[in-house]
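Undergrad: Predicted coordinates and the sequence they were generated for:
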Amino acid sequence: MYFFFVAFAILGAGLKYIDDAFDEKVFNKTIAYAIAPLLGVLWAYTMIIDTVAATILLAILLGVLLKGKIDNIAHVIGLVVIIGIVVVAGVQLLFVPLIILAAAALLDEVGNDFVDKSNLLAGEKRWQKVVIGFFDQRWVAKVAILGLVVVSVLPWFFFVAMLLFDGAYLGVRSFSQIRQKALLVSPTAPGVSQA
């Protein structure tokens, strides 16, 4: 159980580090290239050792793949490592939960893009803030996992693991936003690679 808490948190943080190294250019791309295969190994290992973990992590992969979010070389490297290891070692999956969670992950990505670009949600009304928060923090997959926990399809600790995955992702995003502000003041901040 504790392994999954740590692994999911590392995976969430690592993914966001790579995202923002390429998309926002606030982290070092060399480090992103270095950690991508390591994250791929951890991701694949976590899938191999547990059917539920494999189901959740494959659902996340499918959601981002279907939405076209594997959009930089470091992510491709990590994906190739995952596929290579999983194909060789094999994994077992829960197929009905996989379909549900992959659909939820895809909805999270679609919803996240929508709230980022929608003028409809630009106001200060309570419902707008709720919708923005729900999709900005990708709650569809977490609610789907919680539902599967409630009906005893998944163990409860995987809901906690998913909270840690997203919590770490959002933590790195917050750190990235702080660095972006610092870069506006001092564009030559150490540790940032523009290459």
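TA: Happy to help now that I have it. Residues are numbered from 1 along each chain as shown.
Undergrad: rest of the way, CA atoms for contacts and neighbours
TA: Noted.
Undergrad: per-residue confidence at residue 190?
TA: Here the pLDDT value assigned to residue 190 is 56.
Undergrad: Kindly apply the preceding question to residue 114 instead.
TA: 85.
Undergrad: Can you give me the neighbour number for it?
TA: Residue 114: 16 surrounding residues under other Cα atoms under 10 Å.
Undergrad: again with residue 131
TA: Using other Cα under 10 Å: residue 131 sits among 15 other residues.
Undergrad: what helix or strand does it sit in?
TA: Using DSSP states H and E, residue 131 sits within helix 126-136.
Undergrad: What residues sit buried inside the helix or strand just after that helix?
TA: Next along the chain after helix 126-136, taking DSSP H and E as the criterion, comes helix 139-150. Within helix 139-150, the residues that count as buried by 16 or more other Cα atoms under 10 Å are 139, 140, 141, 142, 144, 145, 146, 148, 149.
Undergrad: thinking again about what came up before, same question for the helix holding residue 131, mean pLDDT?
TA: 83.
Undergrad: Pull out the buried positions in it.
TA: Buried residues in helix 126-136, defined by neighbour count with 16+ other Cα under 10 Å: 132, 134, 135, 136.
Undergrad: Quick check: the last one vs residue 5, distance?
TA: This points to residue 136. Residue 136 is 22 Å from residue 5, where distance means Cα to Cα, to the nearest Å.
Undergrad: which helices and strands sit right next to the helix holding residue 131?
TA: On a contact count with 3 or more Cα pairs under 8 Å, 6 or more residues apart in numbering; DSSP states H and E, helix 126-136 meets helix 95-117.
Undergrad: I'm done for today, thanks for sticking with me.
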